[in-house]
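Student: Fold the stuff below for me.
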Amino acid sequence: MKRRLLTLVAAGVPLAVVGAVEAPVSTSAAAAATAGPVSFACAPFQLPAPEGIVVESITAAGVPAGTYQVPGVPPLGGYPVPDVPAHCEVTVTLTHPGANDRAKVQVWLPQAGWNGRFQAVGGAAYAAGDDGARAAAVKQGYAAATTDAGVGGGLDTSWALKADGRIDSALLENFAARSAHETAVVGKQVIAEVYGRAASYSYWNGCSTGGRQGYMEAQRYPTDFNGINADAPGIDWNRFEVATLWPQVVMNEEHTYPTACEFNAFNRAALEACDKRDGVVDGLISDPGRCDYDPRRLIGTKVECDGKQHTITAADADVVRRIWDGPRDAFGKRLWYGLPVGADFGYLAASKTDANGVTTGSPFIVPAAWVATFVEKQPSFDTADLTYAQFDRIFQQARAEYDPVIGTSDPDLSAFRAAGGKLITWHGDADQLIPTGGTVDYRRRVDALMGGSKKVDDFYRVFLAPGVAHCGLGGGKVDDLAALTAWVENGQAPAVLHATLPTADGRTVARDVCRYPMVSRYAGHGDPSDASSFRCVPAGRG
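Tutor: Numbering: from 1, shown residues only. As a prediction, the model looks like this:
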């Protein structure tokens, strides 16, 4: 794809200072998102630098319509986004005096058909932005922005440690909070320069790491966005990251590594026991938090794995029970939440067998890298053979060292509410990477601090999607951004999110995902594949 470089300016010179926290953009009817023609000037310009930041360079390039090849490797990159419209690509490189960092904010602005809105897109794993999602947003008519935060790609943590072995606190602060805010500030400035007017509405959109970034925006920079869509969020970062190593600790300490098909047998048994509790057998557990299936009921059952017959043992059942229950300390106190019932064990409870038949754990790379690099500060540290005592020490150490930086767990959203912001989160009930219980825990703490569920629902709503894995991986689509836009711009608060959900038997069904703490229940008549056959009721109601 041929790109025309238009300008390179502001090389390392601090420019005019603006406030670090801006007032929210207008949400009045007069500032309707699609109102009025705009100019389009993909040409040289300068930007005032936010306080404490140097604008090192700005480039602007006109990009013709075509297919955008997302950089990187699957699943975070290496795939095409077709039919991306012609747009102006603006790259702003920022640095913070004394930090020796360079964070890039890239803004794409459609040449025609701009919907008047700004969308900042979050990242995944250790990436602060998602280039593919930015391209998709431009296809929808948004002016869209991402940041690289000055760090590496999705699974790269090589930036974390300095040569002397200490954490690079400036880059960690970029990744944790600072760069998302700067994307909001710079993105709005660029839009005003290129189009000649400000965006009418500003949105954050992200899942996983992007969900955590959205919550950080609401907590620390509450006036950056009118609406925040923050899905499957990695909030309480230190708890959930370390907690997702718990399955490896359990298997190591119990010297038991169930095979994938044995794990699947437990999920099938739980589904059989709890599927019908929503009034119909439809391949979905509508309220997995109340599924009290006891894994010990499967002891003695024979399952076939790769042509070999295995018998479920008491040790297998105990491993599953502990994984579902979640991490506890030596006194039995709950540290965090476990893998949701029905979620795939294959990521967090993976194992491998060598040529000698010896089986060991195979920790998921994201929490393993967090513990090895950030907590232990030894990238080669092996998390496959952690003991219960080591796990407890690491859990407490991570919280003490990093909660103030990246915990993202402050339940005080009063400033965000006062600014008129709206926050939507959906989280898959079968999330295999980030326990759904963490999102529920956060919402409960917000309720407790801010006057109860009814008052919090005025600006913040959570939706739990039955059967859906992490960020919809493997199937499941939730119409979240449309609901957020209607709420922000028209005052239409969503009671449900329209969705298509994957069932355990491979079908796809239409369903309205209920607002927490409601759950879906079959009305007693109608097609179970049709959303109209279900209603939302309080959790636990028969």
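Student: Helices of the stretch 301-450 of the chain, start to end?
Tutor: 314-325, 365-369, 388-406, 414-418, 436-449 (DSSP state H, counting those that start in this stretch).
Student: Check the chain too.
Tutor: 131-139, 169-173, 179-195, 209-220, 237-243, 246-254, 260-274, 314-325, 365-369, 388-406, 414-418, 436-449, 453-456, 480-490 (DSSP state H).
Student: which of those sits most buried?
Tutor: Of all these, helix 209-220 has the most neighbours on average by mean count of other CB atoms under 10 Å, namely a mean of 26. (Glycine included, C-beta is placed from N, CA and C.)
Student: chain center to that one: distance?
Tutor: 9 Å (CA atoms, centre = their mean, to the nearest Å).
Student: Can you pull out the residues in contact with it?
Tutor: Contacts of helix 209-220 from elsewhere in the structure, counted by CB atoms under 8 Å, 6 or more residues apart in numbering, are 121-128, 130, 133, 176-177, 180-181, 184, 204-206, 224-225, 228-235, 237, 406, 408, 410, 412-413, 416, 421, 423, 425, 442.
Student: circling back to that earlier point, could you dump the helices of the stretch 301-450 of the chain into a markdown table with mean pLDDT and distance to residue 356 added?
Tutor: As requested, the helices of the stretch 301-450 of the chain are exported to a markdown table (pLDDT from 0 to 100; distance: least, CB to CB, whole Å):
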| stretch | mean pLDDT | distance to residue 356 |
| --- | --- | --- |
| helix 314-325 | 98 | 21 |
| helix 365-369 | 97 | 23 |
| helix 388-406 | 97 | 26 |
| helix 414-418 | 98 | 56 |
| helix 436-449 | 98 | 38 |
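Student: of all those helices, which lies closest to residue 87?
Tutor: Evaluated over these, closeness to residue 87 peaks at helix 414-418, with 30.4 Å, by CB to CB.
Student: Just the CA trace of that closest one, in PDB.
Tutor: Coordinates of the C-alpha atoms in helix 414-418 are reproduced here as PDB (Å, rounded to 0.1, in the frame of the first residue of the first chain):
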ATOM      1  CA  SER A 414     -17.800   9.500  41.200                       C
ATOM      2  CA  ALA A 415     -15.800  11.900  39.000                       C
ATOM      3  CA  PHE A 416     -16.700   9.800  35.900                       C
ATOM      4  CA  ARG A 417     -20.400   9.900  36.900                       C
ATOM      5  CA  ALA A 418     -20.200  13.700  37.500                       C
END
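Student: Any idea which of the helices of the chain gets closest to residue 39?
Tutor: helix 179-195 (6.4 Å).
Student: on contacts alone, who are the packing partners of that closest one?
Tutor: strand 49-50, strand 87-95, strand 103-110, strand 117-121, strand 143-147, strand 201-207, helix 209-220 (3 or more CB pairs under 8 Å, 6 or more residues apart in numbering; DSSP states H and E).
Student: Could I get the average pLDDT for it?
Tutor: For helix 179-195, mean pLDDT is 96.
Student: the inter-axis angle of that helix versus strand 87-95?
Tutor: 140 degrees (axes from the mean of the first three to the mean of the last three CA atoms, to 10 degrees).
Student: Now for residue 235, how many residues are close by?
Tutor: By other CB atoms under 10 Å, the residues close to residue 235 number 24.
Student: What of residue 223?
Tutor: 20.
Student: is it true that it touches residue 420?
Tutor: No. If you go by CB atoms under 8 Å, residue 223 and residue 420 don't touch, sitting 9.1 Å apart.
Student: Tell me the predicted confidence for the residue nearest the centre of the chain.
Tutor: Taking CA atoms, centre = their mean, the centroid of the chain lies closest to residue 208, which sits 1.5 Å from it. For residue 208, the pLDDT comes out at 97.
Student: Would you agree residue 387 is in contact with residue 252?
Tutor: Yes. Using CB under 8 Å, residue 387 is in contact with residue 252, at 7.3 Å.
Student: so can I have a markdown table of the helices and strands packed on helix 179-195 showing distance to residue 480?
Tutor: Output for those, formatted as a markdown table (distance: least, CB to CB, whole Å):
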| stretch | distance to residue 480 |
| --- | --- |
| strand 49-50 | 29 |
| strand 87-95 | 24 |
| strand 103-110 | 21 |
| strand 117-121 | 13 |
| strand 143-147 | 16 |
| strand 201-207 | 8 |
| helix 209-220 | 11 |
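Student: which of those has the lowest average pLDDT?
Tutor: Among the helices and strands packed on helix 179-195, strand 49-50 scores lowest, with a mean of 80.
Student: coming back round to it: could you dump the helices of the chain to TSV with distance to residue 300?
Tutor: Shown next, in TSV, are the helices of the chain (distance: least, CB to CB, whole Å):
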stretch	distance to residue 300
helix 131-139	47
helix 169-173	50
helix 179-195	52
helix 209-220	41
helix 237-243	31
helix 246-254	18
helix 260-274	12
helix 314-325	9
helix 365-369	33
helix 388-406	28
helix 414-418	53
helix 436-449	30
helix 453-456	44
helix 480-490	44
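Student: what's the closest of those to residue 333?
Tutor: helix 388-406 (10.0 Å).
Student: can you tell which of the helices of the stretch 301-450 of the chain is closest to residue 52?
Tutor: That would be helix 388-406 among the helices of the stretch 301-450 of the chain, by CB to CB, at 17.1 Å.
Student: elements contacting that closest one?
Tutor: So helix 388-406, by 3+ CB pairs under 8 Å, 6+ apart, packs with helix 169-173, helix 237-243, helix 246-254.
Student: And those helices: which comes nearest residue 44?
Tutor: helix 169-173 (29.6 Å).
Student: For that closest one, the averaged confidence score.
Tutor: 97.
Student: same for that helix, what does it pack against?
Tutor: So helix 169-173, by 3+ CB pairs under 8 Å, 6+ apart, packs with helix 388-406.
Student: and the helix it packs on with helix 246-254, angle?
Tutor: Using the same axes, to 10 degrees: helix 388-406 against helix 246-254 is 160 degrees.
Student: bridging residues for residue 310?
Tutor: Counting by DSSP bridges, residue 310 is bridged to residue 303.
Student: wait, doesn't it sit right on residue 302?
Tutor: Yes. Contact criterion CB under 8 Å: residue 310 and residue 302 qualify, at 7.0 Å.
Student: Neighbour count: these two, which is higher?
Tutor: Between residue 310 and residue 302, counted using other CB under 10 Å, the more crowded position is residue 310 (17 against 9).
Student: List the residues that contact the more buried one.
Tutor: 259, 261, 262, 302, 303, 304.
Student: what separates it from residue 376, distance-wise?
Tutor: From residue 310 across to residue 376, the span is 35 Å (CB to CB, to the nearest Å).
Student: same deal with residue 169?
Tutor: Taking CB to CB, one finds residue 169 at 17 Å from residue 376.
Student: Likewise for residue 283?
Tutor: Here residue 283 is placed at a distance of 42 Å from residue 376 (CB to CB).
Student: cool, and residue 417?
Tutor: 39 Å.
Student: where does the chain dip in pLDDT?
Tutor: 1-37, 540-542 (pLDDT under 70).
Student: how about a cut-off of 80?
Tutor: 1-39, 50, 73-77, 152-153, 540-542 (pLDDT under 80).
Student: ok, how many other residues are close to residue 60?
Tutor: 25.
Student: what's across from it in the sheet?
Tutor: Going by DSSP bridges, residue 60 forms beta bridges with residue 7, residue 90.
Student: Check whether it really touches residue 46, as I assumed.
Tutor: No. With contact defined as CB under 8 Å, residue 60 does not reach residue 46; the gap is 11.3 Å.
Student: ok, residue 122 - contacts?
Tutor: Contacts of residue 122 (CB under 8 Å, 6+ apart): 128-130, 133, 180, 204-214, 230.
Student: nope, residue 398 is what I meant
Tutor: 238, 241, 242, 370, 371, 374, 375.
Student: I'd guessed the first one sits against residue 402; true?
Tutor: Yes. Between residue 238 and residue 402 a contact is recorded at 5.2 Å, counting by CB under 8 Å.
Student: if we can go back for a sec, which stretch among the helices and strands packed on helix 388-406 approaches residue 350 most closely?
Tutor: helix 246-254 (8.4 Å).
Student: I figured residue 54 was touching residue 96, is that so?
Tutor: Yes. Assessed by CB under 8 Å, residue 54 is found in contact with residue 96 at 7.3 Å.
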